[in-house]
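Chemist: The following comprises the amino acid sequence and a computationally predicted model.
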Amino acid sequence: MMASSSLFQGSPFTFKCKRSGSYPPPKSNALPNHLNIKAQSKPESPITHNNSVPPHSKQRRPADENIREEARRINVDHRHQFSAKYVPFNADPSSTESYSLDEIVYRSRSGGLLDVQHDMEALKKYDGGYWRNLFDSRVGKTTWPYGSGVWSKKEWVLPEIDSDDIVSAFEGNSNLFWAERFGKKYLGMNDLWVKHCGISHTGSFKDLGMTVLVSQVNRLRKMERPVVGVGCASTGDTSAALSAYCASAGIPSIVFLPANRISIAQLVQPIANGAFVLSIDTDFDGCMHLIREVTAELPIYLANSLNSLRLEGQKTAAIEILQQFDWEVPDWVIVPGGNLGNIYAFYKGFRMCKDLGLVDRIPRLVCAQAANANPLYLYYKSGWKEFEPIRAKTTFASAIQIGDPVSIDRAVFALQNSDGIVEEATEEELMDAMAQADSTGMFICPHTGVALSALIKLRNSGVIKPTDRTVVVSTAHGLKFTQSKTDYHSGAIKDMACRYANPPVQVKADFGSVMDVLKKYLLSQAPKH
Ligand SMILES: Cc1ncc(COP(=O)(O)O)c(C=O)c1O
Ligand SMILES: N[C@@H](CCOP(=O)(O)O)C(=O)O
C-alpha cells in the first residue's frame with residue numbers, strides 16, 4: 001500500500017497514518033512556546049501549529065484510485081473547527097439575524113444584502129504565519145481540492161463543506177503578470193502588474209465564485225433540498241461559468257441573456273455546455289429583474305452575485321495577489337465594476353488577510369466603470385449623496401453594461417473602507433487602452449481596458465505615483481472579445497480615431513510587392529539616431 005503521507009507533503013495538517021501513527025512526527029524543538037501552548041490547548045485539533053514544511057516525499061497514487069478517492073482516504077476531517085453563516089450585510093452589531101449556509105436565502109429580513117460571516121475567533125486561533133504557510137504549501141499541487149486557488153483557502157471560503165461535494169476545475173492560481181513594457185512606455189511605472197483572472201477555465205474571474213456556488217448546490221442536492229436547477233442573468237461571463245460548472249456536476253443550468261448584447265464567444269459557451277439558454281429582449285438589468293422573480297417562484301437556485309456565496313470564491317483572488325507578492329501589500333488595486341460584487345470581494349479578501357494577521361494593511365482600491373454604464377461613478381462624484389440607477393448605454397465593455405448594480409451597498413462599503421476611488425472611461429479611452437496593452441504583449445478584454453484607462457488618468461493626475469506598486473485586475477480573456485478588437489483595428493468604429501489600430505496590409509501574391517511593403521515596414525521600425 002502507498003504511504004498516505006504523499007498528499008500532505010508541504011501541508012501543516014497532520015493525519016493518522018494507518019500503519020505508523022501520525023505524520024509529520026512531532027518535533028521536540030520546532031515550535032515556539034506560544035504556538036505549543038495553543039496546540040496544547042486544543043488537543044482534539046488535527047492541525048499542528050508547526051509552520052515548517054515537511055520534506056518532499058511524493059509517491060504515486062495507486063493506479064485504481066482517483067484524486068477524490070485519495071482525498072477521501074487520507075484527508076483529515078477538520079470541518080468541525082471552522083464555520084460560516086449568512087448575516088445581513090453591514091448589520092448593526094446588536095443584530096442576531098443569521099442563516100445557515102444550507103438555507104436557500106439571498107436577502108435579509110429587511111430586504112437588504114447578505115454577507116457570509118466567518119467564525120473569526122476560530123480562525124484567529126492560528127496566527128498569520130500559520131495561514132501564510134498553509135496557503136503557500138498548497139499552491140501548484142494536484143491534491144483534491146487544494147489544487148484550486150479557491151479551495152486552497154477552503155477554511156476561509158466554505159469551511160464546512162465536505163471536499164467530496166466540491167465541484168472544481170482547479171480554478172484560480174492565475175498569472176500575476178509584470179506589465180513591464182506597458183508600465184514603462186505609457187506610464188513611466190516600473191512596478192505595474194496585471195492579475196490575469198480571465199486566464200481561467202471559462203475565461204473570466206467568475207469561475208472563482210462559481211466553483212463555490214455550484215459546490216454548495218451539489219451539497220444541497222445531496223441533502224435532498226429542493227434545487228432543481230441553477231439560474232442566472234448574465235452579460236456573458238457568469239452564464240459561461242455557471243453552465244460549465246453545472247455541466248461538470250450534472251446539474252441543470254438556466255441562463256437569461258440580454259438578446260444581441262453579448263459577444264458570440266460568450267453566447268456559445270452556455271450553449272455548448274448544455275445550459276437552457278433564454279435570449280431575452282431586454283438589457284442585463286431587465287434579465288436580472290426577471291431571474292429574481294423566477295427564482296422566488298421556482299426551485300431554481302440563484303447564481304448571480306446577489307448570492308453572497310459567490311463572493312467567497314472571488315475574494316481569493318485578493319489573497320492570491322498578496323501571496324504572489326510574498327505577502328507584501330501593493331499600493332493600489334484597480335478593478336472594473338459592473339454589478340459590483342467583485343470590488344467588495346477584493347476588499348473582503350484583503351481585509352480578512354489583515355484581520356487574521358497575514359499582512360498589516362490593505363491596498364487602496366479603485367473601481368473603474370465605463371462612462372456609458374457609470375452609476376457608481378456618478379454616485380461617488382455626488383459625494384455619495386443619493387444613488388440613482390441609470391439606463392446603461394451600449395459599451396464595448398459589454399459585460400459591465402449594467403445600470404442598476406445589485407451590490408451597490410457592498411461597493412460603497414469597500415471603497416469607503418479602503419480610501420478608494422471611482423474612475424470612468426469613455427469608449428475611445430477604453431478601446432485605446434486595450435490596444436496599447438495588447439501592443440505590449442497582452443491580449444486583454446475591453447473591461448480591463450476600462451481599468452487601464454482609470455490607471456492612466458490617475459497616473460496623469462499624479463494620484464498614483466511612478467513607483468507605486470499597482471495591480472490592475474484583468475477580468476476576462478481577450479479571446480472572448482475579438483469582434484471589438486477587429487472593429488478597432490479595421491478603423492471601423494464611428495467617431496473613433498482608433499489611434500493604435502494595426503490593420504493587416506493587403507498585398508499581391510508576388511515577390512516584388514511583398515518586398516516593397518516589407519522594406520517600407522522595416523524602415524519605419526529602424527532605430528532613430
Ligand atoms: C469581464 C467582466 N469584468 C468585470 C465585471 C464586473 O464585475 P462585477 O459585476 O462584480 O462588478 C464583469 C461582470 O459584471 C465581467 O464579466
Ligand atoms: N458581468 C456579469 C454580470 C452579472 O454579474 P454577477 O457577478 O452578479 O453574476 C456577467 O458576466 O453576467
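Modeler: Noted; the coordinates are in hand. Ligands and ions are numbered 1, 2, ... in the order given.
Chemist: which residue does the stretch 151-300 of the chain bring closest to ligand 1?
Modeler: residue 237 (3.5 Å; C-beta to the nearest ligand atom). For glycine as for every other residue, the C-beta is placed from the backbone atoms N, C-alpha and C.
Chemist: Check what pLDDT that residue gets.
Modeler: Here, the pLDDT recorded for residue 237 equals 98.
Chemist: Pull the number of nearby residues for it.
Modeler: Residues near residue 237, counting by other C-beta atoms under 10 Å, number 30.
Chemist: Make sure I have this right: residue 372 is in a helix.
Modeler: Yes: Residue 372 sits within a helix when classified using DSSP: H, G, I helix; E, B strand; the rest coil.
Chemist: which intervals of the protein have sub-threshold pLDDT?
Modeler: Confidence mapping of the chain against pLDDT under 70 gives the ranges 1-58, 76-79.
Chemist: Contact residues of it facing ligand 1?
Modeler: Contacts of the chain with ligand 1, taken as C-beta under 6 Å from any ligand atom, map to 204, 235, 237, 305, 336-342, 399-400, 445, 447, 475-476.
Chemist: Which ones among those lie within strands?
Modeler: residue 336 (DSSP state E).
Chemist: Which among the residues of the chain next to ligand 1 count as buried?
Modeler: Using 16 or more other C-beta atoms under 10 Å as the burial test, those include 204, 235, 237, 305, 336-342, 399-400, 445, 447, 475-476 as buried.
Chemist: In helices, which of these fall?
Modeler: Applying DSSP state H to these, the entries found in helices are 237, 341, 342, 447.
Chemist: how close does the second one sit to residue 309?
Modeler: As judged by C-beta to C-beta, to the nearest Å, residue 341 and residue 309 stand 11 Å apart.
Chemist: Show me whatever sits in contact with both of these two.
Modeler: The contact sets of residue 341 and residue 309 overlap at residue 209 (C-beta atoms under 8 Å, 6 or more residues apart in numbering).
Chemist: So which residues on this protein come close to ligand 2?
Modeler: Residues of the chain found near ligand 2 (C-beta under 6 Å from any ligand atom) are 232, 234-239, 304-305, 338-339, 341, 399.
Chemist: Reformat these as JSON lines; add distance to residue 71.
Modeler: Formatted as JSON lines, the entries for the residues of the chain next to ligand 2 read as follows, by distance: C-beta to C-beta, whole Å:
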{"residue": "232", "distance to residue 71": "29"}
{"residue": "234", "distance to residue 71": "32"}
{"residue": "235", "distance to residue 71": "35"}
{"residue": "236", "distance to residue 71": "33"}
{"residue": "237", "distance to residue 71": "29"}
{"residue": "238", "distance to residue 71": "28"}
{"residue": "239", "distance to residue 71": "30"}
{"residue": "304", "distance to residue 71": "30"}
{"residue": "305", "distance to residue 71": "29"}
{"residue": "338", "distance to residue 71": "36"}
{"residue": "339", "distance to residue 71": "34"}
{"residue": "341", "distance to residue 71": "30"}
{"residue": "399", "distance to residue 71": "34"}
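Chemist: which among those gets closest to residue 320?
Modeler: residue 341 (17.3 Å; C-beta to C-beta).
Chemist: Please look at that closest one and residue 313 and confirm they touch.
Modeler: No: counting by C-beta atoms under 8 Å, residue 341 does not reach residue 313; the two are 10.7 Å apart.
Chemist: any residues in contact with both of the two?
Modeler: residue 209.
Chemist: Show me which residues of stretch 251-271 are buried.
Modeler: So stretch 251-271, judged by 16+ other C-beta under 10 Å, has buried residues 251-258, 261-263, 265-267, 269-270.
Chemist: Kindly report the same for stretch 414-421.
Modeler: Of the residues in stretch 414-421, 414, 415, 418, 420, 421 count as buried by neighbour count, 16+ other C-beta under 10 Å.
Chemist: Can you tell me which of these is closest to ligand 2?
Modeler: Relative to ligand 2, and with distances defined as C-beta to the nearest ligand atom, the nearest of those is residue 414, at 14.4 Å.
Chemist: residue contacts, residue 470?
Modeler: Residue 470 makes contacts with 189, 191, 192, 193, 330, 331, 332, 333, 334, 455, 464, as judged by C-beta under 8 Å, 6+ apart.
Chemist: before we move on, what about residue 283?
Modeler: Here residue 283 is in contact with 258, 261, 391, 392, 401, 403 (C-beta under 8 Å, 6+ apart).
Chemist: Also residue 347?
Modeler: Residue 347 sits next to 318, 362, 365, 413, 414, 417, 418 when contact means C-beta under 8 Å, 6+ apart.
Chemist: now swap in residue 459 and tell me
Modeler: Listed by C-beta under 8 Å, 6+ apart, the contact partners of residue 459 are 187, 188, 189, 466.
Chemist: Would you format those residues as JSON lines with secondary structure and neighbour count included?
Modeler: Putting those into JSON lines (DSSP: H, G, I helix; E, B strand; the rest coil; neighbours: other C-beta atoms under 10 Å) gives the following:
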{"residue": "187", "secondary structure": "helix", "neighbour count": "20"}
{"residue": "188", "secondary structure": "coil", "neighbour count": "12"}
{"residue": "189", "secondary structure": "coil", "neighbour count": "22"}
{"residue": "466", "secondary structure": "coil", "neighbour count": "15"}
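Chemist: Mind jotting down where the strands sit in the stretch 151-300 of the chain?
Modeler: Counting by DSSP state E, counting those that start in this stretch, the segments of the stretch 151-300 of the chain that form strands are 176-178, 192-196, 229-233, 253-258, 276-280, 300-302.
Chemist: residue boundaries of the strands in the stretch 401-529 of the chain?
Modeler: Using DSSP E, counting those that start in this stretch, the strands found in the stretch 401-529 of the chain span residues 421-425, 470-474.
Chemist: So which of those is the most surrounded?
Modeler: strand 470-474 (a mean of 29; mean count of other C-beta atoms under 10 Å).
Chemist: Tell me which strands it pairs with, and in which orientation.
Modeler: Sheet pairing of strand 470-474 (DSSP bridges) gives strand 192-196 (parallel), strand 332-336 (parallel).
Chemist: and that strand, how far out from the chain's middle?
Modeler: From the chain centre to the centre of strand 470-474 is a distance of 12 Å (C-alpha atoms, centre = their mean, to the nearest Å).
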